[in-house]
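**Student:** Structure for this input, please:
(chains A and B)
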There are 2 protein chains.
Amino acid sequence: MNTAAQCPVGVFDSGVGGLTNVRALMERLPMESIVYFGDTARVPYGVKSRATIEAFTAQIVGFMLEHDVKALVIACNTIAAVAGHKVRQMAGNMPVLDVISAGAEAALAATRNNHIGVIATNTTVNSNAYAREIHRKNPAARVQSVACPLFVPLVEEGWLDHEVTRLTAREYLKPILADTADTLVLGCTHYPLLKPLLHREAPGLTLVDSAATTAEAAARALCAHGLLNDGSGGAPDYRFYVSDIPLRFQTIGERFLGRSLQQVEMVALG
Amino acid sequence: MNTAAQCPVGVFDSGVGGLTNVRALMERLPMESIVYFGDTARVPYGVKSRATIEAFTAQIVGFMLEHDVKALVIACNTIAAVAGHKVRQMAGNMPVLDVISAGAEAALAATRNNHIGVIATNTTVNSNAYAREIHRKNPAARVQSVACPLFVPLVEEGWLDHEVTRLTAREYLKPILADTADTLVLGCTHYPLLKPLLHREAPGLTLVDSAATTAEAAARALCAHGLLNDGSGGAPDYRFYVSDIPLRFQTIGERFLGRSLQQVEMVALG
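**Tutor:** Residues are numbered from 1 along each chain as shown, chains lettered A, B, ... in the order given. Take a look at the predicted model:
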């Protein structure tokens, strides 16, 4: 086995939401070491300009490369939508997976009528990245996108089953429910926590959560590049880096990761 | 007239909300030049740790000092709550005004029963800064604080008179309405835009918006230090700096400033 295969997979996000991807990777690829970076000092990215998101992303990828990662997973929809090209440029020949490609693929596999709804942050919706990616794979598909900027703060407030969240969901889903979409992409790492509520408000829609699909795509890419870790180097190593450790970080982080979050290190970027 | 008096007043905030303070200063002190800095690339501060807020604040004050300001106005409740001491340390003998001192003073002037409610971001509430400041001025006063993290995104979504915002306000105000407070401090620069809705939900409460009070305090401080600009140097100069110019910046900024927002310059800090 070559030593490159023993290098970690790098996963990054603008905050803690990307931990849902780490969780899916731990389950699908239990031999792989993982380095995670969450830019909690500058979260959220969804309301910032393209130039700023690109600059912040370049700093994160630089940090990842210093950690000798063998592959990169863009766990943030906004980064994938706005700065995916930048990441691939910096990554050279290394496999780069992202939640938008994976989400688009899963949505096309799920839909029966080729009419797909997408909910995401303002920046992701304005970038039109999901529609572009879905059309690239199937030009016959119809995509309808709605920005839902209140969902992230509602999730972080913990109002996962609150009347306010239900009313907000009803308002946001109105244009999608008024049309014929049969599949709904949850285009933001926070949204999977609203799955039960969204399922009740829109029982006719198949919900697509890209974390599992991204992990599957990562497994295929590592295999194709001969980079799968066979475990001969020992137990996997998980490292979590953030740019800030705010109040309630542990609570929120563990909700996303689905297990206890230990040894989180703070680093300054930029 | 000394030349120091012709220097600008520095006003800063984590984002655009501090423009409500600029507006009040323009009205109360029409001869004064103003330099504004909004850290739009790293907003919001209300969810970040004390150490990170202090580090960001030191960078902003450094930027202000490079612009030869004669006084500083901390327009951000979170910065005032967490890093006010840091600002005063760096400012030396220069007058430093802040929304928390001004808000506390206005609340004590307004209350009839010395029972004051405060609504603010998580970080401001957890800092306990309003309660401390109010007690310092009147140890007999009772203060009840509630964190309202959803109000900022609701204001930025423009849902100023929406059923979701009404229900959210009802939920947040419950503990305050259940008690005897007669005065409510709007402890975040975004909240004044919710005044009509809050007034309808809590008609018995006097709402305190610190922008005007802070401008009044600034006028008194400049006068006491012999730093009032008499206008002999010509028309005042207004300069707006931000660390990012995101989508909808102009729209949201003008809503806060109450007039057109021209010549905004982007600068990188940190």
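
**Student:** Strands along the stretch 51-200 of chain A, start to end?
**Tutor:** A:71-74, A:96-98, A:115-120, A:142-147, A:183-186 (DSSP state E, counting those that start in this stretch).

**Student:** I'd like those strands as TSV, with mean pLDDT appended.
**Tutor:** Below are the strands of the stretch 51-200 of chain A laid out as TSV (pLDDT from 0 to 100):
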stretch	mean pLDDT
strand A:71-74	98
strand A:96-98	97
strand A:115-120	97
strand A:142-147	96
strand A:183-186	96
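
**Student:** Out of those, the one nearest residue B:241 is which?
**Tutor:** strand A:142-147 (27.8 Å; C-beta to C-beta). Every C-beta, even on glycine, is put in place using the N, C-alpha and C of the backbone.

**Student:** If you count contacts, what does that closest one end up packed against?
**Tutor:** Secondary-structure packing of strand A:142-147 (3 or more C-beta pairs under 8 Å, 6 or more residues apart in numbering or on different chains; DSSP states H and E): strand A:115-120, helix A:122-127, helix A:129-137, helix A:163-177.

**Student:** any residues touching the first one, and which ones?
**Tutor:** Spelled out, it's strand A:115-120. Residues outside strand A:115-120 that contact it (C-beta atoms under 8 Å, 6 or more residues apart in numbering or on different chains) are A:77, A:81, A:107-108, A:125, A:130-131, A:134, A:141-148, A:151, A:172-173, A:176, A:179-188, A:191, A:205.

**Student:** and the helix or strand containing residue A:251, which residues are buried?
**Tutor:** Element membership of residue A:251 [criterion: DSSP states H and E] is helix A:249-257. By neighbour count with 16 or more other C-beta atoms under 10 Å in any protein chain shown, helix A:249-257 contains the buried residues A:249, A:252, A:253, A:255, A:256, A:257.

**Student:** do stretch A:53-72 as well
**Tutor:** Buried residues in stretch A:53-72 (16+ other C-beta under 10 Å): A:53-58, A:60-61, A:63-64, A:69-72.

**Student:** Serialize these to TSV and add fields for distance to residue B:90.
**Tutor:** Output for those, formatted as TSV (distance: C-beta to C-beta, whole Å):
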residue	distance to residue B:90
A:53	30
A:54	32
A:55	27
A:56	26
A:57	32
A:58	30
A:60	30
A:61	34
A:63	30
A:64	35
A:69	39
A:70	45
A:71	44
A:72	40
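
**Student:** on that earlier part again, going by mean pLDDT, which of the helices and strands packed on strand A:142-147 comes out lowest?
**Tutor:** Among the helices and strands packed on strand A:142-147, helix A:122-127 carries the lowest mean pLDDT, at a mean of 88.

**Student:** Quick one: check that one for contact with chain B.
**Tutor:** Yes - against chain B, helix A:122-127 shows contacts by C-beta under 8 Å from any C-beta of the partner chain at A:122, A:123, A:126.

**Student:** Contacts for that helix next, please.
**Tutor:** Under C-beta under 8 Å, 6+ apart, the answer for helix A:122-127 is A:45-48, A:53, A:77-78, A:81-82, A:118, A:130, A:145-147, A:149, A:187-188, B:247-248.

**Student:** chain center to it: distance?
**Tutor:** Put simply, helix A:122-127 sits 15 Å off its chain's centre (C-alpha atoms, centre = their mean, to the nearest Å).

**Student:** Could you do stretch A:147-161 as well?
**Tutor:** Averaging C-alpha positions (C-alpha atoms, centre = their mean) puts stretch A:147-161 16 Å from its chain's average.

**Student:** With stretch A:186-196 instead?
**Tutor:** 10 Å.

**Student:** for stretch A:140-148, same thing?
**Tutor:** 18 Å.

**Student:** for that stretch, which positions count as buried?
**Tutor:** A:141, A:142, A:143, A:144, A:145, A:146, A:147, A:148.

**Student:** Kindly report the same for stretch A:190-202.
**Tutor:** A:190, A:191, A:192, A:193, A:194, A:197, A:198, A:201, A:202.

**Student:** And for stretch A:216-229?
**Tutor:** Residues of stretch A:216-229 classed as buried: A:216, A:217, A:218, A:219, A:221, A:222, A:227, A:228, A:229 (neighbour count, 16+ other C-beta under 10 Å).

**Student:** pLDDT wise, what is residue A:1 at?
**Tutor:** 51.

**Student:** Also the one 4 residues further on?
**Tutor:** According to the prediction, residue A:5 has pLDDT 95.

**Student:** OK, contacts around it?
**Tutor:** So residue A:5 contacts A:70, A:226, A:227, A:228, A:229, A:230 (C-beta under 8 Å, 6+ apart).

**Student:** And these, which is closest to chain B?
**Tutor:** Nearest to chain B out of these is residue A:70 (C-beta to the nearest C-beta; 30.6 Å).

**Student:** Need the phi and psi values for the closest one.
**Tutor:** Per-residue torsions, residue A:70: phi -100, psi -10 (degrees, to the nearest 10).

**Student:** now do residue A:69
**Tutor:** phi -70, psi 150.

**Student:** about what we covered before: CA-only coordinates of the helix holding residue A:251, as CSV, when you get a sec.
**Tutor:** What follows is helix A:249-257, C-alpha atoms only, in CSV (Å, rounded to 0.1, in the frame of the first residue of the first chain):
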residue,chain,number,x,y,z
PHE,A,249,-20.2,25.1,19.8
GLN,A,250,-20.0,21.7,21.5
THR,A,251,-23.8,21.3,21.7
ILE,A,252,-24.5,22.3,18.1
GLY,A,253,-21.4,20.5,16.7
GLU,A,254,-22.4,17.2,18.4
ARG,A,255,-25.9,17.5,17.1
PHE,A,256,-24.5,17.6,13.6
LEU,A,257,-21.8,15.0,14.0
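
**Student:** Who are the packing partners of it?
**Tutor:** helix A:19-28.

**Student:** in its sheet, what does the helix or strand just after the helix it packs on sit against?
**Tutor:** Going down the chain from helix A:19-28, the next helix or strand is strand A:34-38, by DSSP H and E. Strand A:34-38 pairs in its sheet with strand A:9-13 (parallel), strand A:238-242 (parallel), by DSSP bridges.

**Student:** Can you name the residues in contact with strand A:34-38?
**Tutor:** A:8-16, A:18-19, A:22, A:25-26, A:60, A:63-64, A:67, A:69, A:236-243, A:267.

**Student:** How about stretch A:137-150?
**Tutor:** A:46-47, A:104-105, A:108, A:111, A:114-122, A:124-126, A:128, A:130-131, A:134-135, A:168, A:172-173, A:175-176, A:179, A:181, A:187-188, A:191, B:150, B:153-154, B:156-157, B:164.

**Student:** end to end, how far does that stretch reach?
**Tutor:** 30 Å (C-alpha to C-alpha, to the nearest Å).

**Student:** what's the closest of the strands of the stretch 51-200 of chain A to residue B:32?
**Tutor:** Using C-beta to C-beta, the strands of the stretch 51-200 of chain A put strand A:142-147 closest to residue B:32, at 39.1 Å.

**Student:** Would you mind getting the angle between that closest one and helix A:129-137?
**Tutor:** 170 degrees (axes from the mean of the first three to the mean of the last three C-alpha atoms, to 10 degrees).

**Student:** Would you list the buried entries among the contacts of strand A:115-120?
**Tutor:** Here, 16+ other C-beta under 10 Å leaves A:77, A:81, A:107-108, A:125, A:130-131, A:134, A:141-148, A:151, A:172-173, A:176, A:181, A:183-188, A:191, A:205 buried among those.

**Student:** where does chain A have low pLDDT?
**Tutor:** A:1-2, A:247 (pLDDT under 70).

**Student:** near chain B, which residues of it?
**Tutor:** A:40-43, A:47-49, A:52, A:122-123, A:126, A:149-150, A:152-154, A:156-157, A:162-164, A:167-168, A:171, A:243-248, A:270.
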